[in-house]
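Predicted model follows, preceded by the sequence.
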Amino acid sequence: MAARELALTALLLVGVSLVVFVILHLSPGDPFSVLLEGQGSGHAVSTSVREALGVPTTWYGRYLAWLGNMAHGNLGTSIRTGVPVASEIARAGPSTLYLTLGSLLVTLLLAVPVALYSTSRTAGALARALTLAVYLVSAVPVFWLGYVVIYLVIHRFGVFPLLSASAEPARHGWLYGLLPIVVLGVANGTVSEVTRHLRGEIGRVLTEDYIRTARAKGAPVWRHAFKEGFLLPMTEMIAAKIPFVIGGAIIVEQVFNWPGLGRMAWQAAQDRDFPVILGIALVAAAFVRLASLLRSVIYAGVNPRTATE
Amino acid sequence: MNRLSRIAPLILTLAVLATVPALSPAASKNDGRPDGGSLAYGEYGRPATLDPITSNEMISLRITELVFNGLVGIDEKQVIIPELAERWEVSKDGRTYTFFLRKDVRWHPREGEGPKPFTAEDVLFTYNIMMHPKTITPLKVRYEFIEKVEKVDDATVRFTLKRPILNALAKFTFKVIPAHGPANSQFLTREDPFVRSPIGTGPYTVKGITADREIVLMANEDYFKGRPHINKFVSRPFADQNIMTQAMMFNAIDMLVLVNPRDLPELQGDKRFVLQPYNALSYAFFGYNLRNPLLADKRVRRAFTHAVNRQEMLDSFFNGQGTIISGPFAPGSWAYNLDVQPLPHDPAKAVALLKEAGFSAGPDGMMQKDGKPLALSLKVPIEKESEAVKRVVLAFQNYLKAVGVTVKVEFKEWQAWKDAVFVEHDFDVILASWVFDDSADISSLFHSAEIGGWKNNFGGYSNPEVDGLIVESKLTLDHEKRRTINRKLHALLAEEAPYTFLWTLTNYSGYHKKLRRVAIHPYKFFSFADEWFIPVTEQK
């Protein structure tokens, strides 16, 4: 079972890398041209660069060379900066992890109470208003909210919300680190969906026979409904929404000058710096895969029947 | 606007071929100005490398200016001055240049090592590594005029040129790196640790790169021109230009290399800051694809130039911060011909010229010839700071519509745009700009030998008279004669209008007024930064 999952994961990662590589190859531009910017770069020069660097001439040759290194655990070096990709990812990764997980938490903190409240029997006009608000918030583009928040913080509160490692630590400096997390959590576009899904599932479970039985005999309804009505849809939503949060992180890191993988990916995409792009794509894919594995594990724990299916 | 490549080799305004006596060295500058304080400046983006050989963008160039020296330097009046070489001799035939090096220069020490002296070996090493086929550097093409380099003794090097060239001395401003610097002593790649933690002879040493990717530079106490006044320079990268001015308003940085034109009024109104203009040696233009028969006719191109109101665009989109130009040379350079006037805004003249070229207004009022409408595609690269660019594009569309020409605008991603323009030549008009170094060499832009894939004459402009003048200008050894030729070239290309030359924008650096005696080099920026200082009371 575990071996099968592992093999599937490996296959998935190779697939992802191939697709990303082919897209990069088909898109206009040349990763090596960044080395020649500033030079009257004739085609002959670009050929000589490839020769100097010992780069295979065909795209599949380059991909296979990359894959060969990859098999030995070597992600290669960035074309633009010459820095090993693995160490760059290790350095920028934690910032992005902090940003994505933190904002996921924010999303849940928003969505869960609204969902719970609107399924409760006392819910009325307020619940509808809250749901509407959640939908509106989800429609807000993340970069727009980022700028609005920065503008407000600067002009209303008179502080500059970007951190700097070399400057003396500012008062309430840790608060600045929360801004991008809140912005991404609110505006990654998933709040409404999480709310809707959760509310739907809770509503469905609450009408199930076994809940009615529980209710009839006076047992606590929530304890019975928790696993199927809450835990399962939650894990499902988290696993499904992680790719969106990662996508949003690229933009938020850009707006907030956040030194993470998103900014690395952005720069690398502009330069067609394929070792960096592939490295980040693999990490992101592995992250998504990990989330879906976790979901399977939780499913199996809640409902042992799924483990044998 | 887009910075295309820096396109041509370095040629300087003034040639000083005589020897100049060296200044006596001093540990401190002893100029009565205080040492101390720190300066954080904002950059839009992060440099790829920090050494002077592999780096090829402006952010790196500015940092290498703080860390390294050339054999000769350039002062604020663009005069060549001694730097690592204290004097030099030029042979009568102009082919041999002998440099006598300073003996009191030492390399920045590495952690746990003592400083090593700078010698002739380092100059040879730098030249050899630069010219090695496996070193990828934009400098290579600029030094192909050198035949060989020899070490005469530890403090003397001799360069032999393939043939004498005008202003050769200015080319010896290339930055010298230490023979014990790079891990690989044959050639330099971006994987060499030296490119990230370089050591030089300059006023500042690279201290390190922080987690936020700030580059920290510390004063070199041992600098041969005397310790620089300011203790610390920090280069802060920003991913978003909109934030940078705000960062300065909140004292997160003290200096902006280039203020976003839109933010100029905000800084102007703030007494804490100084705005200092400097010449950018660049200009914007609409470039035409002469492969399109409609655009091969000079009258059509001139009609377009008459149709647009450049002053109006400059005033409304760039706060009037710039100058309308008439021809192909970098405005502010010695080659620019001030006697040639930009074509005036004159829609009636534009219509007359189009009619002369055989077009007539169709039933819909749009110009056409043989039933074919005069419709063109304009390709523009997408950029993050494109609001002003977008307005220029829309204005162009409207100006041409007013004289009966349809323009279809297409925005393309940078690399895709470069492919379309420089490789596939699939465009009618582009909006772009060239950034020059101190050079007045426009051969790669308009010489017919430069037509082809990846070459800079993207429009396919070909004119034997222009070719002849370009070659003549390159071969002459007489500065006045070269100026006369370039003035002719300017007038001719203004007449031919292969581009609609637009404007050069005035660059403004913005900085906190605590910084004093700030002199700025047009594109290297920090050349004179060792003289900058901060009064003691404002050092904090």
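Noted; the coordinates are in hand. Here the structure is a predicted model, which is why all the values come from computation and not from measurement.

List the buried residues for stretch B:271-285?
Neighbour counts over stretch B:271-285 (16 or more other Cβ atoms under 10 Å in any protein chain shown) mark B:Phe273, B:Val274, B:Gln276, B:Tyr278, B:Asn279, B:Ala280, B:Leu281, B:Ser282, B:Tyr283, B:Ala284, B:Phe285 as buried. (Each C-beta comes from the backbone N, C-alpha and C, glycine too.)

List just the nearest of those residues to B:Phe159.
B:Leu281 (26.6 Å; Cβ to Cβ).

residues contacting the closest one?
Contacts here follow Cβ atoms under 8 Å, 6 or more residues apart in numbering or on different chains; on that basis B:Leu281 touches B:Ala330, B:Pro331, B:Gly332, B:Ser333, B:Val435, B:Phe436, B:Asp437, B:Asp438, B:Pro522, B:Tyr523.

now do B:Phe304
B:Phe304 is in contact with B:Phe286, B:Tyr288, B:Ala350, B:Leu400, B:Val405, B:Ala497, B:Thr500, counting by Cβ under 8 Å, 6+ apart.

Now restrict the residues you listed to buried residues only.
Buried, going by 16+ other Cβ under 10 Å: B:Phe286, B:Tyr288, B:Ala350, B:Leu400, B:Val405, B:Ala497, B:Thr500, out of the contacts of B:Phe304.

from what I can see the first one touches B:Tyr499, true?
What it means is B:Phe286. Yes: with contact defined as Cβ atoms under 8 Å, B:Phe286 counts as touching B:Tyr499 (6.3 Å).

How is chain A divided into domains?
According to automatic domain parsing, chain A comprises the domains A:2-71, A:90-272.

what's the first-to-last distance across stretch B:267-287?
34 Å (Cα to Cα, to the nearest Å).

thinking again about what came up before, pick out the shakiest of the domains of chain A, pLDDT-wise.
Set side by side, the domains of chain A give their lowest mean pLDDT on domain A:2-71, at a mean of 80.

Identify the residue nearest B:Leu101 in space, chain neighbours excluded?
Nearest non-adjacent residue to B:Leu101, counting by Cβ to Cβ, 6 or more residues apart in numbering or on different chains: B:Ala155, 4.6 Å away.

now do A:Val252
Leaving aside its chain neighbours, A:Val252 sits nearest to A:Leu184 (4.5 Å; criterion: Cβ to Cβ, 6+ apart).

Just give me the longest helix of chain A.
helix A:85-119 (DSSP state H).

pLDDT at the residue in the stretch 151-300 of chain B that chain A sits nearest to, what is it?
Per Cβ to the nearest Cβ, B:Arg190 is where the stretch 151-300 of chain B lies closest to chain A, at 2.9 Å. For B:Arg190, the pLDDT comes out at 90.

sorry, back to before: CSV please, covering the buried ones among the contacts of B:Phe304 and showing pLDDT and secondary structure.
Output for these, formatted as CSV (pLDDT from 0 to 100; DSSP: H, G, I helix; E, B strand; the rest coil):
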residue, pLDDT, secondary structure
B:Phe286, 96, strand
B:Tyr288, 97, strand
B:Ala350, 96, helix
B:Leu400, 96, helix
B:Val405, 95, coil
B:Ala497, 95, coil
B:Thr500, 96, strand
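
Nearest to chain A among the residues you listed?
For those, the residue nearest chain A by Cβ to the nearest Cβ is B:Tyr288; the value is 20.8 Å.

Name the nearest residue to the closest one, sequence neighbours excluded.
Per Cβ to Cβ, 6+ apart, closest to B:Tyr288 is B:Leu295, 4.6 Å.

Run a quick neighbour tally on that neighbour.
20 (other Cβ atoms under 10 Å in any protein chain shown).

Now name the helix or strand holding the residue in the stretch 51-200 of chain A that chain B sits nearest to.
The nearest approach of the stretch 51-200 of chain A to chain B comes at A:Gly82, 2.9 Å away (Cβ to the nearest Cβ). Of the helices and strands defined by DSSP states H and E, none includes A:Gly82.

list the contacts for it?
Counting by Cβ under 8 Å, 6+ apart, A:Gly82 makes contact with B:Ala48, B:Thr49, B:Thr189, B:Arg190, B:Glu191, B:Asp192, B:Val195, B:Arg196.

May I see the PyMOL selection of the buried members of these?
Buried subset of those, written as a PyMOL selection, criterion 16+ other Cβ under 10 Å:
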select buried, chain B and resi 48+49+189+190+191+192+195+196
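
The contacts of A:Gly82 into CSV, with extra columns for secondary structure and distance to A:Tyr135?
Formatted as CSV, these follow (DSSP: H, G, I helix; E, B strand; the rest coil; distance: Cβ to Cβ, whole Å):
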residue, secondary structure, distance to A:Tyr135
B:Ala48, coil, 44
B:Thr49, coil, 48
B:Thr189, coil, 53
B:Arg190, coil, 48
B:Glu191, coil, 50
B:Asp192, coil, 54
B:Val195, helix, 51
B:Arg196, coil, 48
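
Redo the contacts of A:Gly82 as JSON lines? Include distance to B:Glu89.
Formatted as JSON lines, the contacts of A:Gly82 follow (distance: Cβ to Cβ, whole Å):
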{"residue": "B:Ala48", "distance to B:Glu89": "38"}
{"residue": "B:Thr49", "distance to B:Glu89": "35"}
{"residue": "B:Thr189", "distance to B:Glu89": "36"}
{"residue": "B:Arg190", "distance to B:Glu89": "37"}
{"residue": "B:Glu191", "distance to B:Glu89": "40"}
{"residue": "B:Asp192", "distance to B:Glu89": "35"}
{"residue": "B:Val195", "distance to B:Glu89": "34"}
{"residue": "B:Arg196", "distance to B:Glu89": "38"}
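
of the contacts of B:Phe304, closest to A:Ile246?
Nearest to A:Ile246 among the contacts of B:Phe304, with distances taken as Cβ to Cβ, is B:Phe286, at 40.4 Å.

and the nearest residue to B:Ser360 once chain neighbours are set aside, how many residues sit next to it?
Setting aside the residues directly before and after it, B:Ser360 is nearest to B:Gln368 in space (Cβ to Cβ, 6+ apart), at 6.7 Å. Applying other Cβ under 10 Å, we find 17 residues neighbouring B:Gln368.

Return the list of strands paired to the host helix or strand of B:Gln368, each annotated with direction.
According to DSSP H and E, B:Gln368 maps onto strand B:367-369. With DSSP bridges as the test, strand B:367-369 is paired with strand B:360-361 (antiparallel), strand B:372-373 (antiparallel).

sorry, back to before: if I've got this straight, the residue nearest to A:Val252 is in a strand?
No: per DSSP: H, G, I helix; E, B strand; the rest coil, A:Leu184 lies outside any strand segment and is helix.

residues touching it, list them.
A:Leu184 makes contacts with A:Leu99, A:Thr100, A:Ser103, A:Val106, A:Val142, A:Val245, A:Gly248, A:Ala249, A:Val252, as judged by Cβ under 8 Å, 6+ apart.

could you redo the last one with a cut-off of 10 Å?
A:99-100, A:102-104, A:106-107, A:142, A:145-146, A:245, A:248-249, A:251-253, A:255-256, A:258, A:262 (Cβ atoms under 10 Å, 6 or more residues apart in numbering or on different chains).

Hmm, the residue of the stretch 151-300 of chain B closest to chain A is touching B:Ile136, no?
Yes: contact criterion Cβ atoms under 10 Å: B:Arg190 and B:Ile136 qualify, at 8.0 Å.

what is in contact with those two at once?
Common neighbours of B:Arg190 and B:Ile136 (criterion: Cβ under 10 Å, 6+ apart): A:Leu35, A:Leu53, B:Thr54.

With that, I have no additional questions.
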